[in-house]
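Following is a predicted model, sequence given first.
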Amino acid sequence: MAQPASKIEWIIDGVLQRVQRGTLQAGDRLRSIREEAAAMGVAKNTVVEAYLRLVAQGVLTVRAGAGYYVARSSPPHRKAVPRAIVSSAETAAELLTEQLERRLPIRPGDGRLPPDWLASTEMRRPLSVMRVSADDTYNTAWGLLPLRERLCDRLGERGIHCHTGQVLTTYGGNHGMDLVIRCQVREGDTVLVDDPGYYPLFRKLSVAGAHIVGVRRRHDGPDPIDLREKARATGARLFFTQSLAHNPTGGSLTQGVAYAVLKVAEEQDMLVIEDDPFADVLPVTAPRLAALDQLHRVVYVGSFSKTLPGSVRVGYIAASVALAEQFNEMKVITIVSTSAQNERLVYSLIEGAQYLKYLRRLKDRIEDATARTVSGLENAGFSVPRPLCGGYYVWIALTPAMQARNLAAEAAALGIFVAPSAAFTISETPTPGIRVNVAYGSEPRFLAWLLSVRDADDAATTSPPRQGSRSR
């Protein structure tokens, strides 16, 4: 059976095993949070999260002031996934499925941070005191006004000046892109995207019937020459790009490239959709297209879903007044409103400075993990492009011989989840590479596997011809 992917999963599996063996039976009281934390050698907030998940699954019930108890109904049984049928994450759909199912225990290919990285002492009290109230039935159409006011302040720090009539809230960054696509893309339209780029975006555009054309993505941003050629040749009026801490390459836009991209957009009368999901762990002074353009022809999509627990689905769009009104009308038509409770939680975290303290710790953790991952990858013989841009990912190039092997399947057979370049491109001949999440990239078993792959490739390329063979 695969090992748990985190300490939280470890606690959950331990409780489930005790229930299934009969050590814990219906109605039995579990150890207190303090007792369980001491017994398992973990933080108390880890136990809290594990117990709450078990409550959500119907395994446990909670009695106010008395603790957690095994539910009277039969709990669900976890099934081990046979190694032979574990997804190798070779395609975008398989990659997304594995990120949701979390079947492989070693996870350098994951797009998100480990769940226990997103739990902290700063978060526990706001999360615990949030309650649904009568006025939470529906949010306002544009989203919680106090939060939107704070978003305008935060955008101003990044050099993007706007007012609340230009900002609407969404259910995360993906929902923001959904709204843009619904409003701006018609079947048969040509849309330009980063290549390699954000694979869920490719699927969204495909569903909308768009003709997708990739723009070569370099470490310092989109290739302006390729962008101009593709825009002229196709007549595209929409370009989706992630400027900073790019997914999957980890690179970031430079000031010079940013000016060149906006010049092409003006020449070709293109709307640029700038996705900035990692903004809160990146410098406010980093080059952003929206800051240079001031939301004239740039639509800025932001999110808290990459820095807060995934269940807190809060994002936002900042755009010109006309476009913001158009996106908000589509939001009302399609979902009525976003969650006032989630938005009030995010607002309270910002107002109480808990979010600021939490981000400082998270950035330190990312920086430390990046240093360890880069050191491990370079010791295994792989180069990591510089500069390191402060996000969650780094990119390593593979030789053609490595690309010819099915590395995703080979890794999956060993319980290792990797994210190969084929999942992030619309090209039939992708640049050979692997996205590595810095939170998992220094895992010894992953690095040992990478080293074995590199050694096998070196041996294959340097081995002498077989005896009796004749060179041509």
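The structure has been received and is ready for your questions. These numbers were taken from a predicted model, which means no experiment stands behind them.

contacts, neighbours, all on C-alpha from now
Fine.

Could you list the low-pLDDT ranges of the stretch 251-400 of the chain?
The model of the stretch 251-400 of the chain has no residue with pLDDT under 70.

so where do the strands sit in it?
Per DSSP state E, counting those that start in this stretch, the stretch 251-400 of the chain carries strands over the ranges 271-276, 298-303, 315-318, 393-397.

looking at those strands, which is closest to residue 347?
strand 315-318 (12.2 Å; C-alpha to C-alpha).

In PDB, list the C-alpha atoms belonging to the closest one.
In PDB, the C-alpha atoms belonging to strand 315-318 read as follows (Å, rounded to 0.1, in the frame of the first residue of the first chain):
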ATOM      1  CA  GLY A 315      -9.900  34.800  -6.400                       C
ATOM      2  CA  TYR A 316     -10.500  38.100  -8.200                       C
ATOM      3  CA  ILE A 317     -10.400  39.800 -11.600                       C
ATOM      4  CA  ALA A 318      -9.200  43.400 -12.100                       C
END
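
mind starting the numbering at 36 from now?
Fine by me, first position is 36 from now on; the one you just mentioned is strand 350-353.

which residues are in contact with that strand?
197, 201-208, 210-211, 330, 334-340, 359 (C-alpha atoms under 8 Å, 6 or more residues apart in numbering).

Looking at those residues, which are in helices?
207, 208, 210, 211, 359 (DSSP state H).

Just the buried ones from those?
207, 208, 210, 211, 359 (16 or more other C-alpha atoms under 10 Å).

and of those residues, the nearest to residue 421?
Nearest to residue 421 out of those is residue 208 (C-alpha to C-alpha; 26.8 Å).

one step back: got the strands of the stretch 286-435 of the chain as a markdown table, with distance to residue 140 and mean neighbour count columns?
Listed next are the strands of the stretch 286-435 of the chain as a markdown table, based on distance: least, C-alpha to C-alpha, whole Å; neighbours: other C-alpha atoms under 10 Å:
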| stretch | distance to residue 140 | mean neighbour count |
| --- | --- | --- |
| strand 306-311 | 29 | 23 |
| strand 333-338 | 27 | 26 |
| strand 350-353 | 29 | 26 |
| strand 428-432 | 19 | 24 |
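
average pLDDT across the one helix or strand residue 131 maps to?
Taking DSSP states H and E as the criterion, residue 131 maps to helix 127-136. For helix 127-136, the mean per-residue pLDDT is 74.

Stretch 153-161 too?
In this model, stretch 153-161 has a mean pLDDT of 59.

How about stretch 225-244?
For stretch 225-244, the per-residue pLDDT averages 95.

Straight-line length of that stretch, end to end?
Length of stretch 225-244, first residue to last, C-alpha to C-alpha, to the nearest Å: 9 Å.

again, but for stretch 301-308
Stretch 301-308 end-to-end distance (C-alpha to C-alpha) = 14 Å.

for stretch 85-98, same thing?
Here the two ends of stretch 85-98 are set 16 Å apart, with distance taken as C-alpha to C-alpha.

ok, now stretch 419-427?
14 Å.

roughly how far out does it sit from the chain middle?
Put simply, stretch 419-427 sits 16 Å off its chain's centre (C-alpha atoms, centre = their mean, to the nearest Å).

Repeat that for stretch 362-382.
Taking the mean of its C-alpha atoms, stretch 362-382 sits 21 Å from the chain's own mean (C-alpha atoms, centre = their mean).

That stretch: which residues count as buried?
Residues of stretch 362-382 classed as buried: 362-366, 372-382 (neighbour count, 16+ other C-alpha under 10 Å).

Over to stretch 178-191?
Residues of stretch 178-191 classed as buried: 178, 179, 180, 182, 183, 184, 186, 187, 188, 189, 190 (neighbour count, 16+ other C-alpha under 10 Å).

so of the residues you listed, which ones are in strands?
Here DSSP state E is the test, and the buried residues of stretch 178-191 give no hits in strands at all.

which other residues reach the strand ranked longest in the chain?
The longest strand of the chain (DSSP E) is strand 246-253. The contact list for strand 246-253 (C-alpha under 8 Å, 6+ apart) reads 223-232, 237, 240-241, 257-258, 261-262, 265, 286, 460-462.

Can you list the strands that it pairs with?
strand 225-230 (parallel), strand 256-257 (antiparallel) (DSSP bridges).

one step back: if we only consider the ones in helices among the contacts of strand 350-353, which is nearest to residue 471?
residue 208 (21.4 Å).

That closest one: what's it in contact with?
Neighbouring residues of residue 208 by C-alpha under 8 Å, 6+ apart: 310, 312, 336, 337, 338, 340, 349, 350, 351.
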